[in-house]
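**Q** here is a sequence together with a model predicted from it:
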Amino acid sequence: AQRVTQPEKLLSVFKGAPVELKCNYSYSGSPELFWYVQYSRQRLQLLLRHISRESIKGFTADLNKGETSFHLKKPFAQEEDSAMYYCALTNSNSGYSTLTFGKGTMLLVSP
Amino acid sequence: GAGVSQSPSNKVTEKGKDVELRCDPISGHTALYWYRQSLGQGLEFLIYFQGNSAPDKSGLPSDRFSAERTGGSVSTLTIQRTQQEDSAVYLCASSLAGQPQHFGDGTRLSIL
């Protein structure tokens, strides 16, 4: 069975501090990993997908197959980064595939 | 429309009543997904449509839940004889093949 684990329900940091939101997964096949973000009163939106290997809003995430992790990092947190972050995976070999989500981590960035 | 549209945005109903939730996907998106977001449970998959057929309905929690999609577009999620544990935010998403899913704002369902 596939599973996504986000061990922290809440992560609180000060503005300018580095941020790392942890995500571990278990999946027997070839997964595709995502980070979705939900800002206050906004809809869930895609932040990153691992195959894109890009940086969005200063965030990066590297897929580590050995450690089955896909941690989200940002070197200097901003107050506007405060939001709920969800890690998710899907089957990369399927054109259409459902997402399995972690339970989310609330990031609070204080001034 | 520009994005996935869901209605109503909020629904309050009494236990035992039936409810219908509507999702209007992004035009041209052939895949449509329903998820449920409840406190402490995170986001759970309910059902997936490819066109008008549902290849995967494994996430529906009971036979009180059903969904249909017509014309390869609008989908309706129906919950019969609602129970208090059905209270949650119901999210709809749509996508093209091999592309990320785009989510709607959700319907917040409260069962009294």
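**A** Everything's here; your move. Residues are numbered from 1 along each chain as shown, chains lettered A, B, ... in the order given.

**Q** ok, the helix or strand harbouring A:Tyr86: who's next to it in the sheet?
**A** Per DSSP states H and E, A:Tyr86 falls inside strand A:83-91. Paired with strand A:83-91 in the same sheet, following DSSP bridges, are strand A:31-38 (antiparallel), strand A:100-101 (antiparallel), strand A:105-110 (antiparallel).

**Q** hmm, who's touching the shortest one?
**A** Contacts made with strand A:100-101 from outside it, assessed by Cβ atoms under 8 Å, 6 or more residues apart in numbering or on different chains, are listed as A:2-4, A:36, A:86-90, B:35, B:42-45. Quick note: C-beta positions are derived from backbone N, CA and C, even for glycine.

**Q** got a quick PyMOL command for the buried subset of those residues?
**A** Command for PyMOL that selects the buried part of those, burial taken from 16 or more other Cβ atoms under 10 Å in any protein chain shown:
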select buried, (chain A and resi 4+36+86+87+88+89+90) or (chain B and resi 35+42+43+44+45)
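
**Q** now distance to A:Leu10 and pLDDT too, for the contacts of strand A:100-101, in JSON lines please.
**A** Output for these, formatted as JSON lines (distance: Cβ to Cβ, whole Å; pLDDT from 0 to 100):
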{"residue": "A:Gln2", "distance to A:Leu10": "25", "pLDDT": "84"}
{"residue": "A:Arg3", "distance to A:Leu10": "21", "pLDDT": "91"}
{"residue": "A:Val4", "distance to A:Leu10": "18", "pLDDT": "95"}
{"residue": "A:Tyr36", "distance to A:Leu10": "17", "pLDDT": "95"}
{"residue": "A:Tyr86", "distance to A:Leu10": "14", "pLDDT": "96"}
{"residue": "A:Cys87", "distance to A:Leu10": "15", "pLDDT": "97"}
{"residue": "A:Ala88", "distance to A:Leu10": "19", "pLDDT": "95"}
{"residue": "A:Leu89", "distance to A:Leu10": "22", "pLDDT": "92"}
{"residue": "A:Thr90", "distance to A:Leu10": "26", "pLDDT": "87"}
{"residue": "B:Tyr35", "distance to A:Leu10": "22", "pLDDT": "96"}
{"residue": "B:Gly42", "distance to A:Leu10": "14", "pLDDT": "83"}
{"residue": "B:Leu43", "distance to A:Leu10": "17", "pLDDT": "91"}
{"residue": "B:Glu44", "distance to A:Leu10": "21", "pLDDT": "92"}
{"residue": "B:Phe45", "distance to A:Leu10": "25", "pLDDT": "92"}
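
**Q** quick check, stretch B:62-72 touching chain A?
**A** No - under the criterion of Cβ under 8 Å from any Cβ of the partner chain, chain A is not reached by stretch B:62-72; the shortest gap measures 13.4 Å.

**Q** alpha carbons only: can I get that stretch in PDB?
**A** Taking Å, rounded to 0.1, in the frame of the first residue of the first chain, the C-alpha atoms of stretch B:62-72 are listed here in PDB:
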ATOM      1  CA  SER B  62     -19.900   3.400   2.000                       C
ATOM      2  CA  ASP B  63     -22.700   2.600  -0.400                       C
ATOM      3  CA  ARG B  64     -24.400   5.800   0.700                       C
ATOM      4  CA  PHE B  65     -21.900   7.600  -1.500                       C
ATOM      5  CA  SER B  66     -22.200   7.700  -5.300                       C
ATOM      6  CA  ALA B  67     -21.100   9.900  -8.100                       C
ATOM      7  CA  GLU B  68     -21.800  10.400 -11.700                       C
ATOM      8  CA  ARG B  69     -20.400  12.400 -14.600                       C
ATOM      9  CA  THR B  70     -22.300  13.400 -17.700                       C
ATOM     10  CA  GLY B  71     -21.100  14.700 -21.000                       C
ATOM     11  CA  GLY B  72     -17.500  14.200 -19.900                       C
END
